[in-house]
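1. predicted model and sequence follow; I will ask about them next.
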Amino acid sequence: VRVVESGGGLVQAGGSLRLSCAASGSIFSADAMGWYRQAPGKERELVARITSGGTTKLVDSVKGRFTVSIDNARITVYLQMNSLEPEDTAVYYCHVEGRCWVGVGRLTSFGSWGQGTQVTVSS
């Protein structure tokens, strides 16, 4: 399973960015997709998560500013980030979990990470 993020960059405080993450490979089902971030010197933390059924979870610090959405047909998750703050500066990682084919008629669970995309918010 391959996971590829895009859309990071440099933006001024108060600006917006939209991150995209697409999964591909022998995927039978992508049951949940999420965004995590890791700032320098800090642990990786969950930012937003969405299930294939549309149930969402966002960390308190981004509620009202970030929106997560999913395109199940394209196995793609989006993170719309508005009113960005310098504290949002981090590498953003996409995580996909679900089931994939490992042989003829055989499925296994998987959880895969993308390579990360840098988001930098200047003050």
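-> Now that the structure is in, tell me what you want to look at. Numbers count the residues shown, from 1 in each chain.
2. from residue 74, how far out is the nearest residue to residue 116 once chain neighbours are set aside?
-> Of all residues not flanking residue 116 in the chain, residue 91 sits nearest, at 4.3 Å (Cβ to Cβ, 6 or more residues apart in numbering). Every residue, glycine included, has its C-beta placed from N, CA and C. As for residue 91, its distance to residue 74 is 24 Å (criterion: Cβ to Cβ, to the nearest Å).
3. those two - which one has more neighbours?
-> The neighbour count for residue 91 versus residue 74, taken as other Cβ atoms under 10 Å, is higher for residue 91 (18 against 11).
4. I figured that one hits residue 42, correct?
-> No. In this structure residue 91 lies outside contact range of residue 42 using Cβ atoms under 8 Å: 10.6 Å.
5. now the top strand by length along the chain: buried residues?
-> For the chain, the strand with the greatest residue count under DSSP state E is strand 90-103. For strand 90-103, burial by neighbour count (16 or more other Cβ atoms under 10 Å) applies to 90-98, 100.
6. would a markdown table of the residues you listed with pLDDT and distance to residue 108 be doable?
-> Shown next, in a markdown table, are the buried residues of strand 90-103 (pLDDT from 0 to 100; distance: Cβ to Cβ, whole Å):
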| residue | pLDDT | distance to residue 108 |
| --- | --- | --- |
| 90 | 98 | 31 |
| 91 | 98 | 28 |
| 92 | 98 | 27 |
| 93 | 98 | 22 |
| 94 | 98 | 20 |
| 95 | 98 | 17 |
| 96 | 98 | 14 |
| 97 | 98 | 12 |
| 98 | 97 | 10 |
| 100 | 96 | 6 |
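7. from these, which is closest to residue 31?
-> Nearest to residue 31 among these: residue 98, at 4.4 Å, using Cβ to Cβ.
8. tell me the contacts of the closest one?
-> Listed by Cβ atoms under 8 Å, 6 or more residues apart in numbering, the contact set of residue 98 reads 27-32, 52, 109-110.
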